[in-house]
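Chemist: Return a 3D structure for these sequence lines:
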Amino acid sequence: MTLERIEPKYREKTAYVYLRQSSPGQVKKNVEGARRQRRMQERVKELGWPATRICLLGGDTGQSGESQHGREDYQVILEGVLNGHAGAVAARELSRLARDDQDWNQLLRICRYRNVLLIDEHRVYDARDPQDRVMLGIAGAFSEFELALIVDRMQQCRLDKAERGELYDRLATGYICRVEPHLEKHPDDRVQRAVAKVFDQFDRCLSVLQLHDQLLEEGFELPIVPQGRDWRDLEWITPSYDQLLYMLKHPVYAGIYVRGRKQTLVELDDEGHVKKHRRCVPRNQWAVFLENHHDPYITPARWEQNVEKVASNARGAGMPHAPQESPSLLVGLLRCQRCGSKLHATYPHGVIRYTCRGGSAQRQRPRKHCFSFTATHVEERVAELVLEVVRPAGIAAAHEATERLAKEQRERRQLIVDRWEACREAAARAEREYKATDATYSSVRRHLAAEWEAALGAVDVEAARLAAFDAQSWTLPTAEQQRVLDRLGQDVDRIWHHPRASMALKKQIVRTLVEEILVEPDADRDELVFCIHWTGGHHTQLREPRQPRKAVGKGLDLKATIETLRKVLRDGAIAAALNRERIHPATEETWTARRVMSFRREHGIPGFSESVKDEQGWLTQAEAANCLSVSAMSVTRLVQEGILPAEQPAVRLPAVIQRPALNLPQVRRAVMALKNSHNRPLTHDPNQLNLFPTTNS
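Modeler: Residues are numbered from 1 along each chain as shown. Take a look at the predicted model:
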């Protein structure tokens with residue numbers, strides 16, 4: 001269409017000049033292409049449109065034209081055409097308007113019926129003209145084909161490069177690429193120690209969230225190289241949860257190069273717009289998986305363990321999540337034998353209660369549960385069985401904890417030293433810059449002097465932090481401390497029942513030893529049957545009354561009870577024992593260490609003394625069990641049957657045993673018979689494997 005054939009009615013309406021480049025990278029690099037697109041404004045003026053009726057639209061720059069969704073300026077053009085405000089739509093290449101054939105034909109159709117011209121840098125098109133319409137239709141089809149061809153070619157080139165292990169979208173923390181395409185660890189020792197600490201610390205944590213909390217508490221920082229900066233120019237930042245999760249799950253730290261962990265899916269939403277979203281791809285479908293590609297921080301086996309650990313802690317993963325500090329020991333392990341549903345833990349009035357809801361849902365009776373029970377005594381019996389397993393390893397665990405604590409102290413000190421040295425380097429650099437600046441630049445020197453002063457202040461802060469850490473640091477145990485550790489390792493029961501013992505750690509121990517516990521009501525005997533499935537295939541059956549035992553303590557002489565218990569227990573342990581048996585003071589409140597102490601002082605009862613305990617020969621059940629080389633449960637049975645004399649205020653309260661009583665003839669005979677028989681704390685069935693095989697001592 002020639003200039004003479006452009007009717008005045010077109011020039012009386014707005015001419016929209018559309019600018020677009022497909023990506024932010026093109027915006028930065030193709031500056032000349034952007035200038036050529038803007039020159040379309042001059043071409044429209046030459047065609048007769050006044051400057052006041054030319055609308056330049058460049059808001060879609062950096063977005064792909066494969067869909068009209070999300071392109072606001074393109075929507076402005078469509079609205080202008082539909083409302084009759086547009087006289088022409090111009091672009092240097094009309095393919096800039098739409099790379100999708102459907103979007104292009106939609107624009108062409110409304111321009112035809114609204115009598116709007118289409119203009120590129122070579123020609124003016126009238127959508128009502130059949131010949132122009134054919135040309136525009138062919139151009140739209142070729143535009144979509146060209147985009148698909150370009151994308152396919154680029155993706156194939158990227159895949160070829162990835163198959164050689166040379167494609168990096170971004171470098172993982174702790175890695176650099178000084179000479180492409182070789183990936184290597186950052187040569188800074190501080191960087192390597194920081195990355196290694198993340199993995200070492202995760203081995204001692206139950207979840208990524210716990211790892212994140214511990215690192216924040218220590219003031220830990222991760223090194224990053226800002227985009228486009230030299231690898232020597234490091235920044236130290238506080239790690240986020242997502243950064244730690246990325247490090248623990250990514251195989252790059254195991255020396256493995258991978259591509260295709262995620263896939264981009266293109267779908268239509270409810271409104272017919274094209275939308276993209278990313279999804280994780282199963283490992284067996286990853287496009288590239290190259291082992292031993294570069295120097296690793298961890299082994300592949302350790303990476304597999306980390307991935308499995310993270311997955312197991314995810315809620316809804318079909319397995320118990322990371323243990324929490326809730327009072328229920330067996331939460332996540334109990335399953336109904338009848339319907340297979342997990343039991344839910346609740347805490348009415350501070351009492352642990354488990355409920356099966358699955359069976360009621362199957363019978364469409366939402367208000368009535370399958371069954372429920374109070375689990376305080378059950379958890380105590382399971383804890384006794386677990387302690388029976390871990391007791392032989394108590395001494396080794398105490399020594400390992402000592403070594404681990406010493407290692408943690410060294411790592412934390414090294415982090416402080418690293419920060420101190422980094423501050424010293426920054427101060428030295430600030431000093432050099434200040435001294436290298438000519439004295440005539442007084443304002444610059446004042447600014448540099450302030451930076452130098454701030455750097456020296458940071459050095460003093462880190463030095464003070466290091467001195468404070470050294471003053472409070474834990475040292476390796478002396479010979480006396482070593483004997484205390486040996487004794488502590490033997491007294492596993494006391495550690496387990498200590499008021500400050502971590503409930504999350506107890507749960508982790510139980511879950512290491514127990515896979516699950518099946519529960520089934522026995523209506524004939526009004527009991528609950530617990531089948532404990534231990535790790536390794538062993539199993540144990542326990543029976544508990546359906547109704548919880550009556551609360552003891554009514555009519556109990558509190559003064560005599562506390563007088564007996566204080567011989568072997570401190571005030572906090574006495575409070576825990578009384579609360580466990582629901583023996584309340586006169587005020588009906590729960591016991592605390594302070595209330596026990598007040599009660600003792602009011603009634604003239606002395607407190608616990610280790611020296612008096614050793615002098616009088618008072619023993620707990622656990623200590624007596626160690627002396628006799630039997631289980632604590634066996635000692636409890638000897639006391640209950642009257643074979644072993646003991647002071648015990650109530651049936652389930654701790655007992656006080658005199659050391660000479662262990663040498664009584666009836667006690668020796670009973671212990672020998674116990675060791676030579678099959679009488680163990682577990683039920684014996686010739687058709688099942690026992691966790692504790694019978695051995696002769």
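Chemist: Test my guess that residue 114 contacts residue 82.
Modeler: Yes - between residue 114 and residue 82 there is a contact at 6.9 Å, judged by Cβ atoms under 8 Å. All C-beta spots, glycine's among them, are computed from the backbone N, C-alpha and C.
Chemist: Between these two, which has more neighbouring residues?
Modeler: residue 114 (16 against 13; other Cβ atoms under 10 Å).
Chemist: Could I get the contacting residues of that one?
Modeler: Neighbouring residues of residue 114 by Cβ atoms under 8 Å, 6 or more residues apart in numbering: 81-82, 84, 86.
Chemist: Quick check, pLDDT for it.
Modeler: Note on residue 114: pLDDT of 89.
Chemist: Next: residue 307.
Modeler: Note on residue 307: pLDDT of 90.
Chemist: What's the local residue count around it?
Modeler: For residue 307, the number of neighbouring residues by other Cβ under 10 Å comes to 16.
Chemist: distance of it from residue 72?
Modeler: 41 Å (Cβ to Cβ, to the nearest Å).
Chemist: Residue 339 too?
Modeler: From residue 339 to residue 72 the distance is 55 Å (Cβ to Cβ).
Chemist: Among these two, which residue is more densely surrounded?
Modeler: Neighbour tally, residue 339 and residue 72, criterion other Cβ under 10 Å: the higher count belongs to residue 339, 15 against 10.
Chemist: Which helix or strand contains the more buried one?
Modeler: Following DSSP states H and E, one finds residue 339 outside all helices and strands.
Chemist: Over to it: give its phi and psi.
Modeler: Note on residue 339: backbone dihedrals following degrees, to the nearest 10 are phi -110, psi -10.
Chemist: thought it was touching residue 356?
Modeler: Yes - Residue 339 is in contact with residue 356 according to Cβ under 8 Å; the separation is 7.0 Å.
Chemist: who touches both of these two?
Modeler: Counting by Cβ under 8 Å, 6+ apart, the residues touching both residue 339 and residue 356 are residue 370.
Chemist: so where does the nearest residue to residue 11 once chain neighbours are set aside fall, helix or strand?
Modeler: Closest residue in space to residue 11, ignoring its immediate chain neighbours: residue 48 at 4.9 Å, by Cβ to Cβ, 6 or more residues apart in numbering. Using DSSP H and E, residue 48 sits in no helix or strand.
Chemist: Wait, residue 48 touches residue 12, no?
Modeler: No - assessed by Cβ under 8 Å, residue 48 is found out of contact with residue 12, at 10.4 Å.
Chemist: dump the residue contacts of the most centrally placed residue in the chain.
Modeler: Closest residue to the average C-alpha location of the chain: residue 208 at 2.7 Å, with Cα atoms, centre = their mean. Shown in contact with residue 208 (Cβ under 8 Å, 6+ apart): 202, 241, 244-245, 248, 310, 313.
Chemist: okay, those in JSON lines with neighbour count next?
Modeler: Output for the contacts of residue 208, formatted as JSON lines (neighbours: other Cβ atoms under 10 Å):
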{"residue": "202", "neighbour count": "24"}
{"residue": "241", "neighbour count": "13"}
{"residue": "244", "neighbour count": "19"}
{"residue": "245", "neighbour count": "15"}
{"residue": "248", "neighbour count": "19"}
{"residue": "310", "neighbour count": "17"}
{"residue": "313", "neighbour count": "18"}
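Chemist: What about the residues you listed, which are in strands?
Modeler: Of the contacts of residue 208, none are assigned to strands by DSSP state E.
Chemist: Out of the residues you listed, which is nearest to residue 418?
Modeler: Minimum distance to residue 418 across the contacts of residue 208 is 19.0 Å, recorded for residue 244 (Cβ to Cβ).
Chemist: Test my guess that the closest one contacts residue 197.
Modeler: No - Residue 244 is beyond contact range of residue 197, at 11.2 Å (criterion: Cβ under 8 Å).
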